[in-house]
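1. just the structure for this:
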Amino acid sequence: MVSDFEAILNCKTHVYVDYGNVRPWSEKLGWHIDPRRLFQLFDSFTCPKKISFYYGTLEGDGESESFIKKMKECGYSVITKPVKKIRISIDASSVSSGSPDILRSFIARPLLESLSVKQIAELNAHLKTLNNQGTMFFEDSKCNFDVEIGTDMLGDMRNGVEGFILWSCDCDFADTILNLLEAGKKVAAFGIAGRFAKELNRLQPAGLRFYEVKRLKEFLCWPRELPAKFRKNCP
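-> Reported below is the predicted structural model:
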């Protein structure tokens, strides 16, 4: 499979790693993608290239800040910004037992509409139990780089980049990728089976290439997850 990359990595190329999207793939893969090994894989090709890494920083968190520093030292062009902490109220003290008002702030509408009045009442009762224990809100993290990546891809196109390798399979990139393909650029997306957005699948006839990450385990996973015979050659 690695030899297939030469179809793209034979020109000025930019690799875009949306790590906030990539990191959760481990749940589906059953192994973890090592960002250092990912960099080494693409750095091994001799074409002119840039490898960008997009990931948020938890300000004041030593582990998070150390990780970003290590990615820079690894050789990535790192694009980061502070992770936003969003508070979601679960104060159910003023709602009736069958009201979905609080639940709709953190449960998707189609799922919420599928719940019976009894199920809604049970969830509200659980929220009131949490309230009585002193918990009045949930905290969620948000740090999305879709806009930054899309902007960078189009800017790179104007600056003479010919090959585009995206480590993400989100639908938000469909318009950007279509613009690149229509301009005659080479574009590939990396992801895992069943997770490629349908909007991206529709771009295959236009030239979008897909690569299945699970076939690259030998080159990407944490060294300790490799069979013993491969570990001695693993950096």
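
2. so Phe39 makes contact with Val78?
-> No: using CB atoms under 8 Å, Phe39 is not in contact with Val78; the gap is 11.0 Å. From N, CA and C alone the C-beta is placed, and that goes for glycine too.

3. overlap of the contact sets of those two?
-> Common contacts of Phe39 and Val78 (CB atoms under 8 Å, 6 or more residues apart in numbering): Phe53.

4. can you report how many residues lie near Lys70?
-> Lys70 has 13 neighbours, counted by other CB atoms under 10 Å.

5. next one: Leu130 from Ile149, what distance?
-> Distance, Leu130 to Ile149, by CB to CB, to the nearest Å: 37 Å.

6. who's more crowded, those two?
-> Ile149 (24 against 15).

7. next one, pLDDT for that one please.
-> pLDDT recorded at Ile149 is 97.

8. what's near enough to touch it?
-> Counting by CB under 8 Å, 6+ apart, Ile149 has contacts 16, 18, 54, 166, 168, 173, 176.

9. the helix or strand where it lies: how far from the chain's middle?
-> Applying DSSP states H and E as the criterion places Ile149 in helix 146-158. Chain-centre distance of helix 146-158: 16 Å, with CA atoms, centre = their mean, to the nearest Å.

10. keeping just the C-alphas, turn that helix into CSV.
-> Provided in CSV are the C-alpha atoms of helix 146-158 (Å, rounded to 0.1, in the frame of the first residue of the first chain):
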residue,chain,number,x,y,z
ASP,A,146,-12.0,22.4,9.8
VAL,A,147,-11.9,26.1,8.8
GLU,A,148,-8.1,26.4,9.3
ILE,A,149,-7.4,23.2,7.3
GLY,A,150,-9.7,24.2,4.5
THR,A,151,-8.2,27.7,4.3
ASP,A,152,-4.7,26.3,4.3
MET,A,153,-5.5,23.8,1.5
LEU,A,154,-6.9,26.4,-0.8
GLY,A,155,-4.1,28.8,0.0
ASP,A,156,-1.5,26.1,-0.8
MET,A,157,-3.3,25.4,-4.1
ARG,A,158,-2.7,29.1,-5.0
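
11. buried stuff in it?
-> 146, 148-150, 152-153, 156-157 (16 or more other CB atoms under 10 Å).

12. swap in stretch 215-225?
-> Those buried within stretch 215-225 under the rule 16+ other CB under 10 Å are 216-217, 219-221, 225.

13. pLDDT and distance to Lys85 added to these, as TSV?
-> Shown next, in TSV, are the buried residues of stretch 215-225 (pLDDT from 0 to 100; distance: CB to CB, whole Å):
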residue	pLDDT	distance to Lys85
Leu216	91	34
Lys217	91	34
Phe219	91	35
Leu220	93	30
Cys221	93	31
Glu225	85	31
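
14. so where do the strands sit in the chain?
-> Assigned by DSSP state E, the strands in the chain fall at 13-18, 49-54, 77-79, 84-89, 137-142, 163-167, 186-191, 209-212.

15. now render those as TSV, adding mean neighbour count and mean pLDDT.
-> Output for the strands of the chain, formatted as TSV (neighbours: other CB atoms under 10 Å; pLDDT from 0 to 100):
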stretch	mean neighbour count	mean pLDDT
strand 13-18	25	96
strand 49-54	21	95
strand 77-79	17	97
strand 84-89	11	88
strand 137-142	11	85
strand 163-167	24	96
strand 186-191	23	94
strand 209-212	15	92
